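Build me a structure from this.
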Amino acid sequence: MIKNYFKIAWRTLLRNRVFSAINIAGLGIGLASCMLISLYVFDELSFDRHNEKADQIVRVFFKGTIQGGKMNESHVMPPTAAALKADYPEVLAATRLREGGAPLVLIDQKLFTDDRMAFVDSNFFQVFTVPFLQGNPNNALLEPNNLVISETLADKYFGKTNALGKLIKFKEWNKTYKVSGVMKDMPKNAHFRFEMLGSMSSLDDAKSTSWMISEFFTYLVLPKGYDYKRLEAKLPQTVAKYMGPQLTHAFGMSLSEFRKKGNDIGLYLQPLTDIHLHSDFEYDLSANGDLRYVYIFSAVAIIMLVIACINFMNLSTAGSSKRAREVGVRKVMGSEKIELVGQFLMESLLLTGIALVLAAGICLIALPLFNELSGKELSLSLDEIPGLIPLLLIFGIFVGVFAGSYPAFFLSSFKPISVLKGSAASIKLGSRSNIGLRSSLVVFQFFISITLIVGTTVVYQQLKFIQNKKLGYNKEQVLVVPAWALGKNQSVFKEELLRDSRVSNISQSGYVPAGPSGNNNYTMSPENNSSNLIKTLRFEVDYDYLATLGMEMAEGRNFSKEYGMDSTAIILNETAAKAFGFNKNAINKTVERRDNEGKVATFHVIGIVKDFHFKSLHERITPLVMTLAKDNGWMIVKIKTKEVSGLLSTMQKQWESFKPDLPFTYSFLDERFNQTYKAEQKTGKILGVFAGLTIFVACMGLFGLAIFTAEQRNKEIGVRKVLGASVAGIVALLSKDFLKLVAIAMVLAVPAAWYMMDKWLQDFEYRIRISWWMFAFAGLLSVAVALFTVSFQSIKAALINPVKSLRSE
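Residues are numbered from 1 along each chain as shown. Below you'll find the model as predicted:
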């Protein structure tokens, strides 16, 4: 019987080639879109789940408020791990990780760069699942100056020879480490990925007992099924026991007094599997994802699939007049309803199977482009997704049954007497309930399409707003060069550049207002008012920093070599001046900072720089201070030429003349700024692509419905033409019903799109207003596309000779 079902289904498919092609193409695009986005979503949700103890591991983080200034840090103090392990029996293990950057590695006179390193405690491999290829994970990092390297790095450094016992010299530290283990490369879906792990005992500050410094990422292992919130509720005791006394020593006030002034500090816990999608820290080990985008893209995947299935349902039910007599004859000949349902479901499954093959092909072709858009390294490899083929088969069967169930039950419900007695179209196809359902499905398709167009428009307008917003500094034609690699030759390189007429100014600082930069938090207070603590960010700058970046002074002066006392001078931004209470006449006021030992350093204010954006536009401008420091860090070069390539070539030659360890590299400040909004740019591109695909699939269904409508009204069109109706009038007649549906979809989409995009914009402190023209644009675009789609078939129907349509009457 199944064989017979398949034969009939194949013949039906060949007999209705146009509509079969529309269904297959629509389902294929819908399935491919769903599969691609599902790969992205599953990858985002799989982060850190490769660890055997993933559900037992939590990370300790620090959160606080000082005079309204927020502190939200993913790393904590050196003794935190030992203290929690000693004080709470539910902590089965505690381990730490500290970043080591990308140090210069020297092996057999060859220099290697760009390999990330971290220092970890010796029990790190008992907490995290990191398979070893060589060495013993239980003792690999017990000794100082031991090192575990990745499989890729072992091959890169030592080729096919055994890496165990080999020596690696870190040039900038002037230290040699011994390779004590080789681990498998860390997975892509981990919140940290390092090529080298050194023993924590190699670091002096790892033994520190200070609760006033941080930089140590700390992880705990809890019992299976244990609610981490129970331990988190006890952490205020830890803060009071260890941090309280040191806070009193440093700032001269007790923890309770500190809190009475509206301040607070505390330790909190975060499950390991929440880190990637639920983190919003000032700094983390890698770029985190965003749960909102997972929801958005999941919804888009489901919607694309539903729209494709709606097309199938619409075209199948609209074409029921062609199958009605077949159903009547088969029922008269003894076919049961369940057999007819099985036949129509087989047709649906056959179409879905072909569409699934098409979707797999589209995925393979589109995956590199999707990876580029999403910033992922997704793959359809059977090695990475072992059950891929069974999953696709189950998925195909589900979609086939879902899309084909309504048409199957609808078509099999025809009564043979009514069907064989007269026109099937008058029996079912033209029924109000059937037309109403199809109309509702078309409205839903365009409701989604319009919503996605509005969403894409808002995202692009917000990104345009970011690009054009006045930042308080000039990011155009500014080069950023890692000058520290030149060592003692930095000043010579700077002098040579300043002699070049294409360079207008140069500054050196470890702090750049866009992209990777130094991050030095200061807690300061007005002089003689130590209880008024203000959390600020400190930039160490030189004499030319403000001029190079085009920053403007609101009051006072810049640092100057003419003033010998500028070593204790400080410049505040406008927000910091307000926070200190210097509303007027801030110049010559003094501020102080206490270090961890309680020693006081005093600074006198010489100027107020106008507020500028040194963080993302997601965040409000916070207090910032600038102090004078010796040239170091990034070399910020303001250029005044359009012949940038020629200048870069000259700079490279000058760089190479010093024979530094690192090759000449650079970045543009505006590019560093754009990288800050990479997630939003990615979202805008993906939404734009899938908005276009959604409209395309919806219009394919609309095109099919227009063909059926024209066929149904074939004789009506002939009569109207005989009676003098014009081609334009007939086109308008056939098109207006579809345009009404688009108009209804527009009315429904406007409030929904406004609500969702307003919520998205709330994440930006500086944002656009959603304007009426964005909805008008989406509506007009949808109407234009729908009209073009329907008019093509309407014009064709209107041009048919009425003699052909009426000769059978």
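
Centroid-nearest residue for the protein?
In the chain, the residue lying closest to the centroid (Cα atoms, centre = their mean) is residue 679, at 4.2 Å.

was I right about that residue contacting residue 288?
No - checked against Cβ atoms under 8 Å, the pair residue 679 and residue 288 is beyond contact range at 9.4 Å. (Glycine included, C-beta is placed from N, CA and C.)

which residues in the stretch 701-809 of the chain form helices?
Remark: helices assigned in the stretch 701-809 of the chain by DSSP state H, counting those that start in this stretch are 714-722, 727-761, 772-798, 802-806.

quick one, which of the ones you listed is nearest to residue 123?
helix 727-761 (42.5 Å; Cβ to Cβ).

Compute the inter-axis angle for that closest one and helix 714-722.
Interaxial angle of helix 727-761 relative to helix 714-722 (axes from the mean of the first three to the mean of the last three Cα atoms, to 10 degrees): 120 degrees.

where exactly do the helices run in the stretch 51-200 of the chain?
Per DSSP H, counting those that start in this stretch, the stretch 51-200 of the chain carries helices over the ranges 80-87, 124-127, 151-158.

Pick the most deeply packed of those.
Mean neighbour count, computed with mean count of other Cβ atoms under 10 Å, is highest for helix 124-127 among the helices of the stretch 51-200 of the chain, reaching a mean of 22.

Distance from the chain centre to it, please.
29 Å (Cα atoms, centre = their mean, to the nearest Å).

hey, C-alpha coordinates of it in PDB?
Output of helix 124-127 as PDB, limited to C-alpha atoms (Å, rounded to 0.1, in the frame of the first residue of the first chain):
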ATOM      1  CA  PHE A 124      42.400  22.900  37.700                       C
ATOM      2  CA  PHE A 125      42.200  19.700  35.700                       C
ATOM      3  CA  GLN A 126      40.300  18.000  38.400                       C
ATOM      4  CA  VAL A 127      37.600  20.700  38.100                       C
END
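
Now tell me what touches that helix from outside.
53, 57, 93, 95, 97, 130, 132, 137-138, 140-141, 197, 219, 221 (Cβ atoms under 8 Å, 6 or more residues apart in numbering).

Got a quick ChimeraX command for the buried subset of those?
The buried residues among the contacts of helix 124-127 can be selected in ChimeraX (16 or more other Cβ atoms under 10 Å) with this line:
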select :53,57,93,95,97,130,132,137,140,141,197,219,221
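
Same list, the contacts of helix 124-127, but as CSV with distance to residue 506 and pLDDT please.
As requested, those are exported to CSV (distance: Cβ to Cβ, whole Å; pLDDT from 0 to 100):
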residue, distance to residue 506, pLDDT
53, 51, 93
57, 47, 96
93, 50, 95
95, 44, 96
97, 37, 95
130, 44, 93
132, 48, 94
137, 49, 92
138, 52, 91
140, 46, 92
141, 43, 93
197, 38, 94
219, 43, 97
221, 50, 96
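
related to what we said a few turns ago, so which of the helices of the stretch 51-200 of the chain is nearest residue 20?
That would be helix 151-158 among the helices of the stretch 51-200 of the chain, by Cβ to Cβ, at 48.9 Å.

so how far is the closest one from its chain's centroid?
31 Å.

pLDDT averaged over that helix - what is it?
If you average the pLDDT over helix 151-158, you get 90.

Contacts for it next, please.
By Cβ under 8 Å, 6+ apart, the surrounding residues in contact with helix 151-158 are 105, 107, 112, 115, 133-134, 149, 163, 166, 168, 179, 182-185, 195-196.

Can I get the buried part of the residues you listed as one ChimeraX selection?
For the buried members of those, the matching ChimeraX selection, counting by 16+ other Cβ under 10 Å, is:
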select :105,112,115,134,149,163,166,168,179,182,183,195,196
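
circling back to that earlier point, count of neighbours near the residue nearest to the residue nearest to the centre of the chain when sequence neighbours are not counted?
With sequence-adjacent residues excluded and distances taken as Cβ to Cβ, 6 or more residues apart in numbering, residue 679 is closest to residue 290, at 6.5 Å. The local packing of residue 290 (other Cβ atoms under 10 Å) involves 18 other residues.

Quick check: residue 290 vs residue 446, distance?
Going from residue 290 to residue 446 by Cβ to Cβ, to the nearest Å gives 28 Å.

Also residue 644?
47 Å.

quick one, which of the two is more surrounded?
Per other Cβ under 10 Å, whichever of residue 644 and residue 446 has more neighbours is residue 446, with 29 against 13.

and the closest residue to residue 111 other than its chain neighbours, what element?
Nearest residue to residue 111, sequence neighbours excluded (Cβ to Cβ, 6+ apart): residue 661, at 5.6 Å. Per DSSP states H and E: residue 661 is located in neither a helix nor a strand.

Please renumber the chain so that the first residue is 320 from this point on.
With 320 as the first residue, the last one maps to residue 980.

What does the pLDDT read for residue 980?
74.

Check whether residue 613 really touches residue 360, as I assumed.
Yes - using Cβ under 8 Å, residue 613 is in contact with residue 360, at 5.7 Å.

Please confirm that residue 903 is located within a strand.
No - counting by DSSP: H, G, I helix; E, B strand; the rest coil, one finds residue 903 to be coil, located in no strand.

how close does it sit to residue 897?
Counting by Cβ to Cβ, the gap from residue 903 to residue 897 is 11 Å.

next one: residue 606
From residue 606 to residue 897 the distance is 32 Å (Cβ to Cβ).

And those two? Which one has more around it.
residue 897 (15 against 10).

three-state assignment of that one?
Look at residue 897: counting by three-state DSSP, its state is helix.

For it, list the residues it contacts.
Contacts of residue 897 by Cβ under 8 Å, 6+ apart: none found.

What pLDDT is listed against it?
For residue 897, pLDDT reads 88.

Also the one 5 residues further on?
For residue 902, the model assigns a pLDDT of 74.

tell me the contacts of it?
Contacts of residue 902 by Cβ under 8 Å, 6+ apart are residue 896.

a helix runs through residue 670, doesn't it?
Yes - looking at residue 670 with three-state DSSP, it is inside a helix.

List the residues that contact it.
332, 339, 342, 343, 346, 631, 719.

Now the fifth one. Nearest residue, chain neighbours left out?
So the one you mean is residue 346. Nearest one to residue 346, counting by Cβ to Cβ, 6+ apart, is residue 674 at 3.6 Å.

Number of residues surrounding the one you found?
Residue 674 - counted by other Cβ under 10 Å - has 26 other residues nearby.

One more: residue 1004?
There are 16 residues near residue 1004, going by other Cβ under 10 Å.

these two touch, right, it and residue 692?
Yes - the criterion here is Cβ under 8 Å, and residue 1004 meets it with residue 692 at 5.1 Å.

burial measure for residue 997, as a count.
Neighbour tally, residue 997, other Cβ under 10 Å: 11.

ok, it - contacts?
Contact analysis of residue 997 by Cβ under 8 Å, 6+ apart lists residue 694.

and it, how far is that from residue 1004?
The gap separating residue 997 from residue 1004 is 11 Å, by Cβ to Cβ.

same thing with residue 375?
38 Å.

cool, and residue 895?
37 Å.

Mind checking which of the contacts of helix 470-477 land in strands?
Cross-referencing the contacts of helix 470-477 against strands under DSSP state E gives 424, 426, 431, 452, 453, 468, 487, 498, 501, 502, 515.
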